[in-house]
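Asks: Here is my input; please provide its structure:
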Amino acid sequence: MNHLDWCTHIQYPEDSDILKRPSFDVNMRLFKVNREYQDLILKCCAYIEKCAFSKKEGYKIPHGWSGANAGIPFNIISILYDDDYITMINPRITRWSGCSTKVKTNCGSFTLKTPILVSRDKEIDIEYISPYGLDEIIRWTNIGPTPGYTIQHEIEHTLGILII
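Replies: The predicted structure follows:
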């Protein structure tokens, strides 16, 4: 399985649009009341998780994956944390510590030869909806660099923000 067969990439003009524009929030009203819509969103979540879990030729095992990376226009991310993946619907950063640092990073949608320096906040709070909780908003506070830097990167993807 080749990485470029699973991930949108800036080298392909047809992938540029989904990488450079904000993703659509999942409509939680429909998610709660419409089984067909819920199944669609859960299948999107499962696919994003599979993209994040699967080893692929041409790139390292990722720390996270976004709907934009998967070519799915929904605000969904999946991140690696404590040897498990956490999938988040409509994730939002609700607090920044205001203390940022420069960190080296790469991106599956660029596959740079060498990582580049970007600013990341050292501690954030987020809220999101679990795909398996229907209407439960999960609040996660005081998230440090691991997995905070990855969360910031994946949420940037859902906002159409790229590292370069």
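Asks: contacts and neighbour counts: CA atoms only from here.
Replies: Fine.
Asks: Regarding this structure, what is its longest helix?
Replies: Using DSSP state H, we find that the single longest helix of the chain is helix 35-53.
Asks: Against which helices or strands is that one packed?
Replies: If contacts are counted by 3 or more Cα pairs under 8 Å, 6 or more residues apart in numbering; DSSP states H and E, helix 35-53 sits against helix 28-33, strand 64-66, helix 67-70, strand 76-81, strand 84-96.
Asks: The third one - contacts with which helices or strands?
Replies: It refers to helix 67-70. When contacts are defined as 3+ Cα pairs under 8 Å, 6+ apart, helix 67-70 sits against helix 13-20, helix 35-53, helix 145-158.
Asks: The ones you listed: which one's closest to I124?
Replies: With Cα to Cα, the closest approach to I124 among those belongs to helix 145-158: 6.7 Å.
Asks: buried residues in the closest one?
Replies: For helix 145-158, a neighbour-count test (16 or more other Cα atoms under 10 Å) marks 145, 147-158 as buried.
Asks: right, and the helices and strands packed on helix 35-53 - which one's nearest Y12?
Replies: Of all these, it is helix 67-70 that lies closest to Y12, at 12.6 Å by Cα to Cα.
Asks: Now do the closest one, average pLDDT.
Replies: Helix 67-70 comes out with an average pLDDT of 97.
Asks: ok, P115 - contacts?
Replies: P115 makes contact with 104-106, according to Cα atoms under 8 Å, 6 or more residues apart in numbering.
Asks: Just send these back as JSON lines, with neighbour count and pLDDT too.
Replies: Putting these into JSON lines (neighbours: other Cα atoms under 10 Å; pLDDT from 0 to 100) gives the following:
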{"residue": "K104", "neighbour count": "11", "pLDDT": "94"}
{"residue": "T105", "neighbour count": "16", "pLDDT": "92"}
{"residue": "N106", "neighbour count": "18", "pLDDT": "92"}
